[in-house]
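K.L.:
Here's a sequence, model it:
(chains A and B)
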Amino acid sequence: GDSVTQMEGPVTLSEEAFLTINCTYTATGYPSLFWYVQYPGEGLQLLLKATKADDKGSNKGFEATYRKETTSFHLEKGSVQVSDSAVYFCALRNYGGSQGNLIFGKGTKLSVKP
Amino acid sequence: NAGVTQTPKFQVLKTGQSMTLQCAQDMNHEYMSWYRQDPGMGLRLIHYSVGAGITDQGEVPNGYNVSRSTTEDFPLRLLSAAPSQTSVYFCASSYNAQGFGNTIYFGEGSWLTVV
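P.N.:
Purely as a prediction, here's the structure:
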């Protein structure tokens, strides 16, 4: 079945450092890919998404490019802030393999120190 | 904009008790689902629905029951609570399941502790 693998955390960075969180997927067909963010004590918010190969999703300085050849959707940000401290989830949605349900990675906790 | 509304936000249950987590959306979404979040496990799908009167099981359905009598509401019932059901529960919805590029919106979560 479909699956998502993302790098395990926690990840601790200093403010203004470069961030990469790796995400790879296994899926039949052409899934859509998502990054969700969960701030402490809150629910999940959509951060960005991409629906086809070579699409780049971007939001709040974060970017991720849908790479079908490497089945990857890595999250990047050039300069993180303390306010970016949260748990980040990579996810896919694929009608054929998962009946349109989101399949999540296990999450990566990011802590940004001032 | 109400979006996806879950109640209660916090609940403590005794083993063997039953309860219902409520979920409502005001976006006329066909697709709704319930996930549970556990440390180190990410989010796992419990049950989902692609429209009123239609429900199906996800990855971890045991001990839970759902129904979808209206488009707006998708309650999750714990039949006989067990400590293993201590978790954070999220309800989610989207326009439909077929358009899998559609964004899935989440509620704020319900923190459940079973003692």
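K.L.:
Contact partners for A:D55?
P.N.:
By C-beta atoms under 8 Å, 6 or more residues apart in numbering or on different chains, the contact set of A:D55 is A:T65, A:Y66. Backbone N, C-alpha and C define where each C-beta goes, glycine included.
K.L.:
7 Å - rerun?
P.N.:
A:Y66 (C-beta atoms under 7 Å, 6 or more residues apart in numbering or on different chains).
K.L.:
What's the per-residue pLDDT of it here?
P.N.:
Note on A:D55: pLDDT of 95.
K.L.:
Next one: B:F10 from A:G41, what distance?
P.N.:
11 Å (C-beta to C-beta, to the nearest Å).
K.L.:
I meant B:T15, not that one.
P.N.:
Counting by C-beta to C-beta, the gap from B:T15 to A:G41 is 26 Å.
K.L.:
So between these two, which is more surrounded?
P.N.:
A count of neighbours by other C-beta atoms under 10 Å in any protein chain shown puts B:T15 above the other of B:T15 and A:G41, at 11 against 8.
K.L.:
Where does that one fall, secondary structure wise?
P.N.:
Secondary structure from DSSP states H and E places B:T15 outside every helix and strand.
K.L.:
Does it touch B:S80 like I think?
P.N.:
No. Look at B:T15 against B:S80 with C-beta atoms under 7 Å: they stay out of range, at 8.2 Å.
K.L.:
who are the neighbours in contact with the closest residue to chain B within chain A?
P.N.:
In chain A, the residue that lies nearest chain B is A:G100 (2.9 Å; C-beta to the nearest C-beta). Contact partners of A:G100, counting by C-beta under 7 Å, 6+ apart, are A:R93, B:Y31, B:A97, B:Q98, B:F100.
K.L.:
at 10 Å instead, please
P.N.:
Going by C-beta atoms under 10 Å, 6 or more residues apart in numbering or on different chains, A:G100 touches A:32, A:93-94, B:31, B:33, B:48, B:50, B:94, B:96-100, B:102, B:104.
K.L.:
Closest to A:A86 out of those?
P.N.:
B:I104 (18.1 Å; C-beta to C-beta).
K.L.:
List only buried entries from the contacts of A:G100.
P.N.:
Among these, those that count as buried by neighbour count (16 or more other C-beta atoms under 10 Å in any protein chain shown) are A:32, A:93-94, B:31, B:33, B:48, B:50, B:94, B:97, B:99-100, B:102, B:104.
K.L.:
Looking at pLDDT only, which of those residues scores worst?
P.N.:
B:F100 (63).
K.L.:
Now the common contact residues for B:F10 and A:G41.
P.N.:
In contact with both B:F10 and A:G41: B:G109, B:W111, using C-beta under 10 Å, 6+ apart.
K.L.:
rewinding a little: reformat the buried ones among the contacts of A:G100 as TSV; add secondary structure and distance to A:K106.
P.N.:
As requested, those are exported to TSV (DSSP: H, G, I helix; E, B strand; the rest coil; distance: C-beta to C-beta, whole Å):
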residue	secondary structure	distance to A:K106
A:S32	strand	20
A:R93	strand	17
A:N94	coil	18
B:Y31	strand	23
B:S33	strand	18
B:Y48	strand	20
B:V50	strand	26
B:S94	strand	22
B:A97	coil	23
B:G99	coil	26
B:F100	coil	21
B:N102	coil	24
B:I104	coil	18
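K.L.:
how about those residues in TSV, adding distance to A:K60?
P.N.:
Putting the buried ones among the contacts of A:G100 into TSV (distance: C-beta to C-beta, whole Å) gives the following:
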residue	distance to A:K60
A:S32	20
A:R93	21
A:N94	26
B:Y31	26
B:S33	26
B:Y48	29
B:V50	31
B:S94	22
B:A97	28
B:G99	25
B:F100	24
B:N102	21
B:I104	19
